[in-house]
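A.B. asks: Fold the following for me, if possible:
(chains A and B)
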There are 2 protein chains.
Amino acid sequence: MAQRLAYLGPPGTFSEQAAIKFSPGAQHVPFPTITAVASAVMTGMAEEGIVPIENSLEGSVPETLDLLISEGTLHIRQEVMLPIEHCLLARPDTTPQEVQVIFSHPQALGQCRRFLERCFPKAQLVASLSTVAAVQEMKGASAPSAAIAPGRAAELYGTAVLARGVQDHPNNVTRFVVLATNDHPRTGQDRTSLCFSFADDRPGLLYGVIGEFSRRGINLAKVESRPTKESLGRYIFLIDIDGHREDPLVKEALEAVGKQASVLRVFGSYPRSKA
Amino acid sequence: MAQRLAYLGPPGTFSEQAAIKFSPGAQHVPFPTITAVASAVMTGMAEEGIVPIENSLEGSVPETLDLLISEGTLHIRQEVMLPIEHCLLARPDTTPQEVQVIFSHPQALGQCRRFLERCFPKAQLVASLSTVAAVQEMKGASAPSAAIAPGRAAELYGTAVLARGVQDHPNNVTRFVVLATNDHPRTGQDRTSLCFSFADDRPGLLYGVIGEFSRRGINLAKVESRPTKESLGRYIFLIDIDGHREDPLVKEALEAVGKQASVLRVFGSYPRSKA
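C.D. replies: Down below sits the predicted model:
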């Protein structure tokens, strides 16, 4: 039986594209929310689940970060980079000149604002709950319409592609992570993601932790602080470092950090994505 | 003439609530996007502009961070914390039992998912471009409808409030910043926001910068890295520190950081918000 890979559905989303890119032969199982994808992995409905964690324009996906922080049994096993290409889809009989209404999720409409202003200044923009819902609403609309959605949705829902790459920023990339109950064995080209927090708020605590990595020549790729759910003023720090948690120096640094932080959780070590 | 305060409109948004909280006597001028609020300040259409920068559940607002990074003439003069209370609004003649359709921005629907599942399991959820657009669509709908929106929208658009505080998480707070061409004079209880980046990616660069603050006993409240627009792998670091840029130790630290970073930009110093 093929490995089951849960993803943020429905079919046609960028998450499905990432699932296909990561593991074309797996059985791809759609779930309605990021939390549901995580539950599918934790309960054994799927061996792995793929969820977005960061977009080059929009920043981090808080729902994914919060799941990693709170669910001790979830680990990151892989990362997958997917260039985001928005397309303008329409029914096969609709020409660009006719389009009066354009459907999409507000975030996708926002990422294509300049394209829409230039090419469809008079079109009415209508919000949808997702880009895939936008395609379905476009198909059922009475006025000539279009939808901003992934190109994959055109194949699945039998629509034409009027235009490709309609996003305003050329470097729109989403990083996905593959969640599983275990992380990845060492490959020598790895990355490790973790979070930590402190019981109090003294100057120098974060510095002390970063020093454990810096002193050992471990590069720190990404740093982020998330407000704890209790209040805006207190933070959990999330970092990505180069190396595997079983590399001797990384292991040593993590042990030292564990003594300074009140909470330390290693989300996992996984091969660095090339693209 | 009253001071003009630009905000992310239309009237009825949480940004308008923050503008009223910050400066009830100012002339509040709505602009359609965060970028437009910034332009209003830079071009003199308004003396100040208020925009969201961070929400306790959703994380940072990338559009605001990117503006601060790229627009050297914009500074942070104040911060304002606003508790986010979503309300369920309806026409005065609609009872909760009748509601068949609920309109809102997908993010607001997401923040109230549990409430909606419990109290309106059969209602159809419909996406809108904003919470204020949702109120207008609800008012014009043929089926008995409701909208998730700020309570302020009920006053402005003549609707009833069926329920208050319908968000799932109790600690939903948005931090706004007031943008101006100058930051705030020293008060003794200040915060400073800045960003920096490095020309290369060697281990220890971030550590070196954080050390300049740590060594001088300057507390670091928030750290974040934003991907540069060029690629996902390269980052700009954004931090908040306690103190004013004219405090002698902060000034000294900033000078030292300026020598290590390839780019250093101080967004401004401003009084710390109490709530």
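
A.B. asks: close to chain B, is stretch A:34-50?
C.D. replies: No. Contact of stretch A:34-50 with chain B (CB under 8 Å from any CB of the partner chain) is absent, the minimum separation being 9.9 Å. C-betas here are computed from N, CA, C, even on glycine.

A.B. asks: I'd like the mean pLDDT over that stretch, please.
C.D. replies: Average pLDDT, stretch A:34-50: 95.

A.B. asks: So is stretch A:122-137 next to chain B?
C.D. replies: Yes. Using CB under 8 Å from any CB, stretch A:122-137 reaches chain B at A:125, A:126, A:127, A:128, A:129, A:130, A:133.

A.B. asks: export that stretch as PDB, just CAs?
C.D. replies: Output of stretch A:122-137 as PDB, limited to C-alpha atoms (Å, rounded to 0.1, in the frame of the first residue of the first chain):
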ATOM      1  CA  LYS A 122     -13.500  47.600 -14.000                       C
ATOM      2  CA  ALA A 123     -14.000  44.000 -12.800                       C
ATOM      3  CA  GLN A 124     -15.800  43.400  -9.500                       C
ATOM      4  CA  LEU A 125     -13.600  41.500  -7.000                       C
ATOM      5  CA  VAL A 126     -15.500  39.000  -4.900                       C
ATOM      6  CA  ALA A 127     -14.000  37.200  -1.900                       C
ATOM      7  CA  SER A 128     -14.100  33.400  -1.500                       C
ATOM      8  CA  LEU A 129     -13.200  31.200   1.400                       C
ATOM      9  CA  SER A 130     -10.400  29.600  -0.600                       C
ATOM     10  CA  THR A 131      -8.900  29.700  -4.100                       C
ATOM     11  CA  VAL A 132     -10.600  26.400  -4.900                       C
ATOM     12  CA  ALA A 133     -14.000  27.600  -3.700                       C
ATOM     13  CA  ALA A 134     -13.300  30.600  -6.000                       C
ATOM     14  CA  VAL A 135     -13.000  28.300  -9.000                       C
ATOM     15  CA  GLN A 136     -16.300  26.600  -8.100                       C
ATOM     16  CA  GLU A 137     -18.100  30.000  -7.700                       C
END
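
A.B. asks: average pLDDT for that stretch?
C.D. replies: The average pLDDT within stretch A:122-137 is 94.

A.B. asks: wait, is residue A:212 part of a helix?
C.D. replies: Yes. Using DSSP: H, G, I helix; E, B strand; the rest coil, the secondary structure at residue A:212 is a helix.

A.B. asks: Next, the contact list for it, please.
C.D. replies: Contact partners of residue A:212, counting by CB atoms under 8 Å, 6 or more residues apart in numbering or on different chains, are A:253, A:256, A:257, A:260.

A.B. asks: ok, those residues vs chain B, which is closest?
C.D. replies: Among these, residue A:253 lies closest to chain B (CB to the nearest CB), at 11.3 Å.

A.B. asks: For that closest one, give me the backbone phi and psi.
C.D. replies: Dihedral pair for residue A:253: phi -60, psi -40, per degrees, to the nearest 10.

A.B. asks: Leaving out sequence neighbours, find the closest residue to it.
C.D. replies: Leaving aside its chain neighbours, residue A:253 sits nearest to residue A:212 (4.5 Å; criterion: CB to CB, 6 or more residues apart in numbering or on different chains).

A.B. asks: The one you found and residue A:250, how far apart?
C.D. replies: To residue A:250, residue A:212 is 10 Å away according to CB to CB, to the nearest Å.

A.B. asks: ok, now residue A:42?
C.D. replies: Distance check for residue A:42 against residue A:250: by CB to CB, it reads 26 Å.

A.B. asks: Sketch out the low-pLDDT regions of the stretch 151-275 of chain A for me.
C.D. replies: A:229-233, A:275 (pLDDT under 70).

A.B. asks: As a check, name the ranges of all helices in chain A.
C.D. replies: Under the criterion DSSP state H, chain A carries helices at the ranges A:14-22, A:34-42, A:62-70, A:106-111, A:113-119, A:131-140, A:151-157, A:205-214, A:248-260.

A.B. asks: The nearest residue in space to residue A:71 that is not next to it in sequence: neighbouring residues, count only.
C.D. replies: Among residues not flanking residue A:71 along the chain, residue A:38 sits closest, at 6.2 Å (CB to CB, 6+ apart). Residue A:38 sits with 23 neighbouring residues when counted by other CB atoms under 10 Å in any protein chain shown.
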